[in-house]
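1. any chance you can model this:
(one chain, ligands or ions: 1)
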Amino acid sequence: MKVGIIGAGITGLGLAQRLTREGHSVTVFEREEQPGGLATFQDHGEFIFDRFYHVILPTDRYLISFIEDIGLGDELCWGTTLTGFFVDRQTYSVSNALEYLKFPPLSLWSKMRLAYTILYCSRIDDWKRLEQITVEDWLLRLSGRATYEKLWKPLLLAKLGENYRRVSAVFIWSYIKRMFSARDKSASREQMGHVRGGYKTVLDRLEETIVQGGGAINLGVTVKRVSAAAECGVEISHDRGTDHFDKVVFTGPVNILQQIVDPALVDVRGSGKNVEYLGVLCMALVTRVPLTPFYVLNIADEQVPFTGVIGMSTVVDTGETAGLYLTYLPKYMLSTDAEMRQPEEKVREEFLHGLRIIYPDLDDADIVSARIHRAVKVQPLQVLNFSEIVPKTATLHPDFFVLNTAQFVNNTLNNNEVIRAVDTFVVQYRDALARDPATSAEQQSAS
Ligand SMILES: Cc1cc2nc3c(=O)[nH]c(=O)nc-3n(C[C@H](O)[C@H](O)[C@H](O)COP(=O)(O)OP(=O)(O)OC[C@H]3O[C@@H](n4cnc5c(N)ncnc54)[C@H](O)[C@@H]3O)c2cc1C
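-> Residues are numbered from 1 along each chain as shown. Here you go, the predicted model:
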């Protein structure tokens, strides 16, 4: 079948690779000049690497098997990572049980409550009831005020900005489940991985596979309208013309779906008005010297504008980054926040000021570049009863399909879930995708 896919993020390209393998002829449309969406790459000056920080966890089995499947298994590199906390203007490593027991900001009692919270959380399967309580109330109840203020609150700030107060306990439940799966239980160490060369390696391989299979990826092409074709199939109108497809799959966010897809093709239930999105402002800092031994340094300091220091070079060998060190400094906020649109120079100045608080000895001459990147819509804010307000999409046309991350109601946004969703989709719709559009049109008119 001739299949059109809208969006060349990991969802769109992952799906394109799977459908090419199934024998379909695939054309992908991407409005940006380069593929990858949130997982795209960036020219950092002397090397190319991910625009935003990405790691793979040992338990990301769908993603790992996908990477192996596209022939990049040998490029997967693993390393032990450390976690730190910057509290009371001091940096502490909290990377193993002993360090945790020694962690001065918490009393022994607080540590016991923290351990209990994590154990309790990792055993919960029924996430629905956690939607009814805020993450703050839930953690206060389980861990107590001291542990909450010193440990959980900085972590929530790091991931959600000030919006954490409105977020449900599902957020921390899914986070703990995912992060604790990164621990190598025998050694009680944290393991993280990446593909050598970052997501660019993955994107290049996907492009190669899709093109070799007779498909195409059209970059810098914005889809303006998706509608039913006169007889059968679906038409995609974009800024270079109109193309006809037997089947079309949309992989972008719901608000764009509502703007560009003819309502005769899709029913979006729930207004979606109440769904707020988180965005991220992120400095990608390239230095001549290593900045941090931690993959994540959680920041609990109101004077520091960003909420974490992500030491990418603790995971990625400097051989991949021209001998330089790559560190990301993220700050999450609502996508509607005015700060999201602040001039780059102002954000850079504030972030560099914060950097000096943590690393007062960092020499200006050792900073190679400090670029600011923005992603306005990263993921919905998982507020109370989120699964009920998230818009549900139902396709009304047999040749039009939707596959996107909007329906991840009980999980953190990650590429393991993306690939899992892609593989589930391919199995679920294998027959529908292979059915001749004329036959599906007849079936539709008969029903
Ligand atoms: C700061 C940050 C850190 C992250 N860290 C990790 C991590 O460590 N591990 C992990 O697994 N995941 C991580 N993620 C999440 C990961 O990036 C996402 O899971 C993934 O990129 C989602 O892919 P997607 O294809 O569903 O969506 P997107 O990447 O948003 O792709 C959708 C694509 O559709 C295109 N599009 C939209 N409208 C149109 C249109 N009208 N016409 C044409 N094209 C259109 C967009 O331009 C975009 O490229 C992180 C994300 C961020 C932002």
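2. spell out which residues of the stretch 101-250 of the chain are next to the ligand.
-> If contacts are counted using Cβ under 6 Å from any ligand atom, the residues of the stretch 101-250 of the chain sitting beside the ligand are T222, V223. Bear in mind the C-beta positions are built from the backbone N, C-alpha and C, glycine included.
3. can you rerun that using 8 Å?
-> Selection of the stretch 101-250 of the chain residues close to the ligand by Cβ under 8 Å from any ligand atom yields V221, T222, V223, K224, H238.
4. nearest to P398 among those?
-> V223 (20.0 Å; Cβ to Cβ).
5. tell me who's in contact with the closest one.
-> By Cβ atoms under 8 Å, 6 or more residues apart in numbering, the residues touching V223 are I6, F29, R31, I236, S237, H238, I260.
6. so what pLDDT did R420 get?
-> pLDDT, the model's per-residue confidence, is 95 for R420.
7. that one sits in which helix or strand?
-> helix 415-428 (DSSP states H and E).
8. which other helices and strands contact that helix?
-> Based on contacts counted as 3 or more Cβ pairs under 8 Å, 6 or more residues apart in numbering; DSSP states H and E, the elements that helix 415-428 packs against are helix 10-21, helix 61-69.
9. among these, which comes closest to the ligand?
-> The ligand lies closest, by Cβ to the nearest ligand atom, to one member of the helices and strands packed on helix 415-428: helix 10-21, at 3.4 Å.
10. quick one, the closest one and helix 415-428 angle?
-> Between the axis of helix 10-21 and that of helix 415-428 there is an angle of 40 degrees, by axes from the mean of the first three to the mean of the last three Cα atoms, to 10 degrees.
11. now R435, what are its backbone angles?
-> The main-chain torsion angles of R435 are listed as degrees, to the nearest 10 and equal phi -70, psi 130.
12. could you measure from it over to G233?
-> R435 is 11 Å from G233, where distance means Cβ to Cβ, to the nearest Å.
13. quick one, which of the two is more surrounded?
-> Neighbours around R435 and G233, counted as other Cβ atoms under 10 Å, are more numerous at G233. The numbers are 24 against 17.
14. pretty sure that one contacts P437?
-> Yes: because the distance of 4.3 Å satisfies Cβ atoms under 8 Å, G233 is recorded as touching P437.
15. what's the overlap in contacts for the two?
-> D246, K247, D399.
16. can I get those in a markdown table with neighbour count?
-> Compiled in a markdown table, the shared contacts of G233 and P437 are given as follows (neighbours: other Cβ atoms under 10 Å):
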| residue | neighbour count |
| --- | --- |
| D246 | 22 |
| K247 | 26 |
| D399 | 27 |
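17. which one of these is nearest to the ligand?
-> So of the shared contacts of G233 and P437, ranked by how close each gets to the ligand (Cβ to the nearest ligand atom), first place is K247, at 16.9 Å.
18. who does that closest one form a beta bridge with?
-> With DSSP bridges applied, K247 shows beta-bridge pairing to V3.
19. list the contacts of it.
-> Neighbouring residues of K247 by Cβ under 8 Å, 6+ apart: 1-4, 24, 233-234, 399-401, 432-433, 437.
20. tell me the buried residues within those residues.
-> Among the contacts of K247, those buried by neighbour count (16 or more other Cβ atoms under 10 Å) are M1, V3, G4, H24, G233, V234, D399, F400, F401, L433, P437.
21. so which of those residues are in helices?
-> Helix and strand membership here follows DSSP state H; of these, those in helices are L433, P437.
22. how about the helices in the stretch 201-350 of the chain?
-> If you assign secondary structure with DSSP state H, counting those that start in this stretch, the helices in the stretch 201-350 of the chain sit at 254-260, 344-358.
23. buried ones in the first one?
-> The one in question is helix 254-260. For helix 254-260, the buried set under the neighbour-count rule, 16+ other Cβ under 10 Å, comprises V254, I256, L257, I260.
24. quick check: of those residues, which lies closest to the ligand?
-> I256 (4.4 Å).
25. and after the helix or strand of the chain with the lowest mean pLDDT, which helix or strand comes next?
-> Taking mean pLDDT, DSSP states H and E as the measure, strand 183-184 is the helix or strand of the chain with the lowest mean score, a mean of 59. Later in the chain than strand 183-184, the nearest helix or strand by DSSP H and E is strand 189-195.
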